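> Predicted model follows, preceded by the sequence.
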Amino acid sequence: MAMARITYREIDGGTTYWSLLLGLSALVLIGLGSAWYMEHHGHIVTGMSNRIVWGIPHVFAIFLILAASGALNVASIASVFEGAAYKPLARLSGLMAIALLIGGLAVLVLDLGRPERLIVAMTTYNFKSIFAWNIFLYTGFLVVVMAYLFVQMEPTMTRHIKAVGWFALVWRLVLTSGTGSIFGWLVARQAYDAAIMAPLFIAMSFAYGLAVFILVLMAACKINRRPLGGALVNRLGKLLGVFAGAVLYMTAMMHLTNLYAAEHGGVERFILADGGVYTAAFWLGHIVVGCLAPMALMLSPNLRTSRLLVAVASGLVIVGAIAHLYVIIIGGQAFPLLMFPGQEVSSSFFDGVVAPYSPSLPEFGLALGGVALALAITLGGMRVLRFMPQSLADDDASPAANQSPA
Amino acid sequence: MAPSSVFAIILAALVLSASMAPQHWSARAAEPSTGVPVPKPPKGRGNECVAETDYIRRYHMQLLDHQRDDTVHEGIRTKQFSLKQCIDCHAVQGPDNKPVAYDDPSHFCRSCHDYAAVAIDCFECHDSKPQKSAAAREAFRGSMLALEGYLKARGP
Amino acid sequence: MSRDHQRNNAPQEQSRRDILRGAAALGGLALAPGVTLHLIGGEAAARPADEAVSDTHRWGMLIDAGKCGDGCQECVTACADENGWDPDGKLPTDAQWIRKIDLRDPKSGAERTLPMMCQHCASPPCVDVCPTGASFKRADGIVLVDKHTCIGCRYCVMACPYNARSFVHEPLTDQKAHAPRGKGTVESCTMCVHRVDAGKQPACVERCNDAAGGAMLFGDLNDPTSEISKRIATYATARVRADLGLDTGVYYRNI
C-alpha cells in the first residue's frame, strides 16, 4: 500500500489518565450499587411497572449496543471498503466495539429480575426467541472482534484482515438486525411490529457508533497530546452527517407508512402530536437535535472543517439518540395495547390509558454505570495495548488518502 | 512433595472423615464425642423418610429438581418427592406451637443448610410452612359451597 | 385420607383439629373428585397424579359478557384468594392475574364489561419470545411460566397482546403452597392448573357460577361433546385480537 507506516503506541499513564480512570470507576461503582439496590428491593424502587417493563436502563443499554456495532464501522470501512484514511483508526474502532458492547450487556444483565440466574440464560435456550439468538450474536461479536483485532495487531496475520473484516461486518449487521427485531417482531404492539425496525436500527447504529467514536477519538488525542488531522476529522464529520440523514429517512418512512394505514392512526397521533413528553422527545430530541442539526452542521462543507462543530454535531447525535430510543422503547410501551379497536377501554390495570412512567435515580445510576464501564474499558485498553496511533496528523496518518478529501 | 506422601495425607484425611462422618450424618448417631459443632436436623414425622435417609441426604436436590420439572411441565403431582410433602413431614414447631417459616433458624432445611453454608432460594417463592390442614379446610368449604350451589340450582 | 402432619403439644388443640380433620375427610369422601364435578356440572376428571398431561384435552373458557355484572369483581377476588395476590392493589407495579375491563362504544354509548386474563393462546407470543423457555405451553394448552428458569427479562410482558402478565416487583411472603410466586419473575393466570389437575374448575369460574351471574364456563375445547364445545358451536362467539391468529383458548360472547 502506498501509505506511510503507522506507528501505534500505548497512551501514557499520567495524572489525567489515572484521574479519568478513577472517575469512571466511581461511576461504575455507583452503577453496581444501583443494581444491588434494585436487586435487593425488587424493581419497585425503579419507575418501571407492569406497563412500562423496560425503562431507562434499557434505553442506555440499547444505545450502547447499537453504538458498539456502529463503532466497528470505522474498521470495516478501512479493511473491507479499502478506505485508507480510516486504516489508522481501525484498532480503536475494534476496541470501542468490544467496550461499548460489554457496557450495554452489563446494564441489561444487571437489570434482570433474577440476575443471579444468568447461567440459566447461558444454558437453556428457546431458539424461537430473538433474545436467545442475540445472546449468541452478542457473545459471538466479542469473539469475532477480538479475532479481528488480533489479525490487525499481529504482524504475521495481516493478510487475513480483509477476510476477518468481512466476517465481522456481516456479523455486526446480523447483530443489529437482531437488536431491531427485538421490537420489530412484537406482533402485539402498535408502535413496533414492523420489518423496518431492523434497517432502522442499523442506520441508528451507524450514526450513534460514529458519534461516540469521534468524541472518544478527539478526547484520546487531546489528553495524550497526539496530533489529529483536520482532514480526517472533516471526513468523519461528513460521514456522520450522512448517517444522521439515513436515520431521518428510515424514521420518515416508518411513520409515513403507519400514517397511511388508518389502524395505526392512534399510535401515530400519540407519538407525533399529542403524546406530551414523547412528542417533544420525538420532534425536538430525535428529529431536530439528533438528525437535522447535525446534518446541517456536517453536510455544509465550511462548517465541518471546525473541529469544535464536529464535536458538537457528535454530541447532538448522542442526545438525539437517547431521545429517539426513549420514544421507541418507553413511548412504544406507554401507548396502550389495542385490544378492542374503536372502543373506549378502562380497567384497574391501566388499559386504554397512556401508562405513567417517571424514571428513578437507581435506573440512571445503573445506566450511567454501563456507559462508564464502556469508557473505562476503552481507556484501560488504550493504556495496555497499542490501539492508538502515535500521530493522526493528516500527513502522517494517510497522506495519499487525504490529498483530495471526498 | 512426593506422590506417596500426598497419597498418605489424602488417605489420612479420608480415614479421619470416615471416622467422624457417622457421628455427623447418621440419624441414629450418638452424641458426638468431639467438640466439633454438628448439624442436628430435627426428626421428621413418622419412622422413615420417603427413601433411605442417606440417599435423601445426598440426592434430595436432584429429586426435588426432577419432581419440580415433572410437576411444572407435565402436571405430574405424585407426592413421594414433592416439596410440599417434605415441608409437611419436617415442620418444626416454634414456641407458639405453630410451624416455623424458613426465616427462623430452627427451620428443618436451615438446620443443615446454615451449617453447610449452602444458600437456597426455594422459599423466596414456595411456602416453607405446611398448609395441609388449611388446604383441607378450604377444600371442604369449597365442596360444601358447590353442593349448596347445586342443590339451590336444582330446586326443591 | 387427610393425614395430620403436625405434632401438637396441646391436647385441646389436638382434639379440635381431629374434629376438623374428620369433617374434611367426610367432605372429601362425599365429594370425591369425579363425583363432585358430576354434581356441579363440570366435565373435568382428575388425571392420576403420576400421569403426564397430554394434548387429548385443550382447556378453555367461554365468557358471556352479557351475563357479566357491571362492577362485579367476584372472579377477580376468587383468583386473588386462590392464588394469593392482592386484589386491592392498584399501583402499576401490583400484580393482576385477572381484571375487569369496561368497554364503551363512543358512537352508540353501548357499555359492556368482561374479565380479561391470560387467553392461553395456541400460538402464544410470550412463549415465542422467551429466551430461556421459561414461558411455555403445557400439552393441554395451559400457558405457564416456569419460575425456576425465568430470569426476569420481561420480554414476554412486552409480547403479550392482552397485558395479561405481571412482574413481581417486591419480595413476597406467605405465598400459597399451590401457587408459588416470587420477586423478579413474571407470572400470570395459570387457569388454576393445580385445580384443573385435581379435576376441579378454575377458581374464577367456580365463584362466578356460585356467587355471580354464571358468565364463565370452563371445559375441554377438544371434546365436541363438552358443554363449552357445544355452546361455541351453537352461538356466535368472538376472540380478542382474533386478527393476530393466536387461536386463544378463551372465547367471549356478546362483546
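Here it is on my side, so go on. Being a predicted model, the structure only gives us computed values, none of them experimental.

> Can you report how many residues lie near residue C:146?
Neighbour count of residue C:146, defined by other C-beta atoms under 10 Å in any protein chain shown: 18. Using the backbone N, CA and C atoms, a C-beta is placed for each residue, glycine as well.

> My guess is residue A:124 contacts residue C:149. True?
Yes. Contact criterion C-beta atoms under 8 Å: residue A:124 and residue C:149 qualify, at 5.6 Å.

> mind listing what residue 99 touches?
Using chain A. Residue A:99 sits next to A:68, A:373, A:374, A:375, A:377, A:378, A:381 when contact means C-beta atoms under 8 Å, 6 or more residues apart in numbering or on different chains.

> Switch to chain C, please.
For residue C:99, the contact set (C-beta under 8 Å, 6+ apart) comprises A:347, A:348, A:349, A:351, C:76, C:115, C:116, C:117.

> Looking at residue A:124 and residue C:149 now, which is surrounded by more residues?
Each of residue A:124 and residue C:149 has its neighbours counted (other C-beta under 10 Å); residue C:149 has more, 23 against 18.

> Next up, identify which helix or strand that one is on.
Assigned by DSSP states H and E, residue C:149 falls within no helix or strand.

> hang on, it packs against residue A:120?
Yes. The pair residue C:149 / residue A:120 is scored as a contact, 5.3 Å apart, by C-beta under 8 Å.

> Quick check: neighbours shared by these two?
Contacts common to residue C:149 and residue A:120, judged by C-beta under 8 Å, 6+ apart, are residue C:132.

> tell me the secondary structure for residue B:79?
Secondary structure for residue B:79, judged by DSSP: H, G, I helix; E, B strand; the rest coil, is coil.

> Tell me, how many residues neighbour the closest residue to it other than its chain neighbours?
Using C-beta to C-beta, 6 or more residues apart in numbering or on different chains and skipping residues adjacent in sequence, the residue nearest residue B:79 is residue B:85, 5.0 Å away. The tally of other residues near residue B:85 (other C-beta under 10 Å) stands at 17.

> Identify each buried residue in stretch A:342-351, please.
Neighbour-count burial for stretch A:342-351 flags A:343, A:345, A:346, A:347, A:348, A:349, A:350, A:351 (criterion: 16 or more other C-beta atoms under 10 Å in any protein chain shown).

> For the residues you listed, give me JSON lines that also has secondary structure.
Listed next are these as JSON lines, based on three-state DSSP:
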{"residue": "A:343", "secondary structure": "coil"}
{"residue": "A:345", "secondary structure": "strand"}
{"residue": "A:346", "secondary structure": "strand"}
{"residue": "A:347", "secondary structure": "strand"}
{"residue": "A:348", "secondary structure": "coil"}
{"residue": "A:349", "secondary structure": "coil"}
{"residue": "A:350", "secondary structure": "coil"}
{"residue": "A:351", "secondary structure": "coil"}
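
> biggest separation within the residues you listed, which pair?
Between any two of the buried residues of stretch A:342-351, the greatest separation by C-beta to C-beta is 17.1 Å, found for A:343 and A:348.

> coming back round to it: looking at the contacts of residue C:99, spot the one nearest residue C:253.
residue C:115 (12.8 Å).

> ok, the closest one to residue A:394 distance?
Distance of residue C:115 to residue A:394, computed by C-beta to C-beta, to the nearest Å: 70 Å.

> Tell me, how many residues neighbour the residue nearest to residue A:149 when sequence neighbours are not counted?
In space, and not counting its chain neighbours, residue A:149 is closest to residue A:94: 4.3 Å by C-beta to C-beta, 6+ apart. Residue A:94 is flanked by 27 other residues according to other C-beta under 10 Å.
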